[in-house]
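# I would like to see how this sequence folds:
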Amino acid sequence: MSLKNQIKEDIKAAMRAKETAKRDTLRNIQTAIKQIEVDERREVTDTDIEKILMKYAKQREDGILQFQEADREDLVVKESAELALVKSYLPEPIGDEELEQILKKIISDIKAKGMQDMGKIMGIAKGKIGSKADGARINTVAKKLLLS
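Numbering: from 1, shown residues only. Next up, the predicted model:
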């Protein structure tokens, strides 16, 4: 079952179970999916949906940090619940050692000399790794490898 259909079915299940927080979160994601379909006039793939989910998760993480600084525990709990739900649809994150091995191979394949090759590395890595690691984490590990 595609992610799009899975989200649709989970919305129905949440409505039946009267889980309003889950229903509302999934509807927000469904709205983002429909927005892409309308704007770009194409059917979204699971890869597109994973990108949407990664973006949504990043927004929730940022929100959690801001609400913690503002001492708003009620909103931290709400955002954390949404983040956990979104992460349940994403593939299992890649481990640090595996990420490092993939990046080492990319660096050796393109014969990267230094930071000037970071753009090439990031482009290839995002294509290979996809939503198993976020860009900031890939960037940090790549910088560490280039500078060592």
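# can you give me phi and psi for P93?
Here is the backbone geometry of P93 (degrees, to the nearest 10): phi -60, psi 150.
# what's the lengthiest helix in the chain packed up against?
If you go by DSSP state H, the chain has its longest helix at helix 46-69. Applying 3 or more Cβ pairs under 8 Å, 6 or more residues apart in numbering; DSSP states H and E, we find helix 46-69 packed against helix 3-16, helix 20-40, helix 73-87. Just so you know, the C-beta spots here come from the backbone N, C-alpha and C atoms, and that holds for glycine as well.
# Looking at the first one now, give me its mean pLDDT.
Going back to what we said before, that points to helix 3-16. Across helix 3-16, pLDDT averages out at 96.
# same deal with the last one?
Here the mean pLDDT over helix 73-87 is 95, rounded to a whole number.
# can you list the domains in the chain?
3-87, 96-147 (automatic domain parsing).
# Kindly reformat the ones you listed as a markdown table containing mean neighbour count.
Shown next, in a markdown table, are the domains of the chain (neighbours: other Cβ atoms under 10 Å):
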| stretch | mean neighbour count |
| --- | --- |
| domain 3-87 | 15 |
| domain 96-147 | 15 |
